[in-house]
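Novice: Here's my sequence, what's the structure:
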Amino acid sequence: MTASQPAARVSRAVPRGLSRTGPVLFSYGFRPFFLAGGVWAVVAMVLWIATITGRIDLAGDYGAPNWHAHEMLFGFASAVLAGFLLTAVPNWTGRLPVSGWPLAGLFGLWCAGRLALLAADRIGVVEAAVIDGLFLPVLLGICTREIVAGRKWKDLKILGGLLALSLANAVFHVAVIGGGDDHMAIRLGVAAYVVLVMIVGGRIVPSFTRNWLNKVGRRDFPVPYNRFDTAAILTGVAALAAWTAVPAHPATAGLGIVAAFLHAIRLRRWRGWTTLPEKLLVVLHVAYAFVPLGLLAIAFSALGYLEERSVLHVLSVGAIACMMLAVMTRASLGHTGRPLAASRLTVAAYVALVLCALVRPFGEVLPDASERIYAAAGLLWIVAFGLFCLEYAPILARKRRTPL
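Specialist: Take a look at the predicted model:
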């Protein structure tokens, strides 16, 4: 045994970033935020269904439709993003993650935003918007500090996505309060998440696929990142930027078609069909498939063949929510010492959410069946995240298993 071996063993034995005091829930960022994201996905959808069926009056002067759009995009999704970044950034930088009371404080800030918007009539719409608007900039500040301190300059591009989300959230609130058009803010928010999926998904999907193929003794690995991937991402960013600013312009259609083609090729280069036996991997490829599909939907919308809301749901439910559910399940298992294998409940959650992503855009395409489509999509969404909560809440709230 060499002198370096004992030290390596000790470093592996120390649970990185695990707070020694307080609840296990606040020992690592993915725990509270993945759990809260799953719970809020269900609760917010139930509240929305209760509102549109006339059972409750939601959000008062803020407006129920505005509240629904906001809470799906900046409530549920921001929680999952926070859980991912607070777990991934320490892995990228080698620094200890935020845990304990600082993590509890950040989580409390997210919760305060949810409560403030529900109580907007009591505390004031402006005050509620200000409270909600604090979370994403604070998260941006934390991630900036960690990436700069860790000198991981290549990861600075992640901060651009967070900055765009913070701006989109602020613009959304200003539009709602001022009675203006909030569609551009929604498109900017969706575009920011999709760009993050392009960047981070393009990092983890082929990496996890390669690791699994190597483990099972195969050598038909995904194509490594190269200039083609950079070109695909930049074209995708250009298409999403055009869609955000001028969604009905012919140039947007052209960029959308080219970007969709490039990202379809990019996905094929990752050889997703080789992962069929491993559902935790298959779902990552399926989720990314909604990126080229969504870019193609942008093109069809720009040409007048598809409603904007259909595009929004292809991207938000398909590319964003499906990728988030895939990451939530995998990270929750891996970071709590459990085998990386999808249970039947997990697979059922995947299937329900993918079906939701495929069904929901038809609500605008088939207006005569829209009510049934909305009901089916809402139920599938609740089933997907309800199953996640049922299976993963105990995992997220308990101590990490110690590997033998």
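
Novice: Walk me through the domains of this structure.
Specialist: 22-180, 194-404 (automatic domain parsing).

Novice: now the closest residue to Ala44 other than its chain neighbours: how far from Leu140?
Specialist: Leaving aside its chain neighbours, Ala44 sits nearest to Glu71 (4.6 Å; criterion: C-beta to C-beta, 6 or more residues apart in numbering). Where you see a C-beta, it was placed from the backbone N, CA and C, and this is true even at glycine. As judged by C-beta to C-beta, to the nearest Å, Glu71 and Leu140 stand 20 Å apart.

Novice: I'd like to know which elements the helix or strand where Phe388 lies is packed against.
Specialist: Assigned by DSSP states H and E, Phe388 belongs to helix 370-397. The contact analysis (3 or more C-beta pairs under 8 Å, 6 or more residues apart in numbering; DSSP states H and E) places helix 370-397 against helix 30-52, helix 322-334, helix 344-359, helix 362-365.

Novice: Kindly reformat the ones you listed as TSV containing distance to Val126.
Specialist: Converted to TSV, the helices and strands packed on helix 370-397 look like this (distance: least, C-beta to C-beta, whole Å):
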stretch	distance to Val126
helix 30-52	22
helix 322-334	30
helix 344-359	34
helix 362-365	32
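
Novice: Correct me if wrong: Tyr374 contacts Phe362.
Specialist: No - between Tyr374 and Phe362 there is no contact under C-beta atoms under 8 Å: 10.0 Å.

Novice: Report the central residue of the chain.
Specialist: Closest residue to the average C-alpha location of the chain: Met324 at 4.0 Å, with C-alpha atoms, centre = their mean.

Novice: Would you check that it makes contact with Phe34?
Specialist: No - between Met324 and Phe34 there is no contact under C-beta under 8 Å: 9.0 Å.

Novice: Common neighbours of the two, please.
Specialist: Shared contacts of Met324 and Phe34, defined by C-beta atoms under 8 Å, 6 or more residues apart in numbering, are found at Val80.

Novice: rewinding a little: could you give the mean pLDDT of the helix holding Phe388?
Specialist: On average, the pLDDT along helix 370-397 is 95.

Novice: Pull out the buried positions in that helix.
Specialist: 373-374, 376-389, 391-392, 395-396 (16 or more other C-beta atoms under 10 Å).

Novice: try stretch 141-153
Specialist: Residues of stretch 141-153 classed as buried: Ile142, Cys143, Thr144, Glu146, Ile147, Lys152 (neighbour count, 16+ other C-beta under 10 Å).

Novice: Name the SS class of the third one, please.
Specialist: The reference is to Thr144. Recorded secondary structure, Thr144: helix (DSSP: H, G, I helix; E, B strand; the rest coil).

Novice: Please tell me how far the closest residue in space to Cys322 that isn't next to it in sequence sits from Ile186.
Specialist: For Cys322, ignoring the flanking residues on the chain, the nearest one in space by C-beta to C-beta, 6+ apart is Ala287 at 3.8 Å. Separation of Ala287 from Ile186 (C-beta to C-beta): 20 Å.

Novice: Using CSV, lay out the helices and strands packed on helix 370-397 together with mean pLDDT and distance to Asp132.
Specialist: Formatted as CSV, the helices and strands packed on helix 370-397 follow (pLDDT from 0 to 100; distance: least, C-beta to C-beta, whole Å):
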stretch, mean pLDDT, distance to Asp132
helix 30-52, 96, 13
helix 322-334, 97, 20
helix 344-359, 97, 25
helix 362-365, 87, 27
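
Novice: Show me the one of those that comes nearest Tyr62.
Specialist: Nearest to Tyr62 among the helices and strands packed on helix 370-397 is helix 30-52 (12.0 Å), distances taken as C-beta to C-beta.

Novice: so that closest one versus helix 344-359, what angle?
Specialist: Interaxial angle, helix 30-52 versus helix 344-359 (axes from the mean of the first three to the mean of the last three C-alpha atoms, to 10 degrees): 50 degrees.

Novice: and helix 30-52, what other elements does it pack with?
Specialist: So helix 30-52, by 3+ C-beta pairs under 8 Å, 6+ apart, packs with helix 64-70, helix 77-93, helix 101-118, helix 322-334, helix 370-397.

Novice: Put together a markdown table for the ones you listed, with distance to Ile56 on each row.
Specialist: Converted to a markdown table, those look like this (distance: least, C-beta to C-beta, whole Å):
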| stretch | distance to Ile56 |
| --- | --- |
| helix 64-70 | 9 |
| helix 77-93 | 23 |
| helix 101-118 | 11 |
| helix 322-334 | 27 |
| helix 370-397 | 15 |
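
Novice: Kind regards, and thank you for your time.
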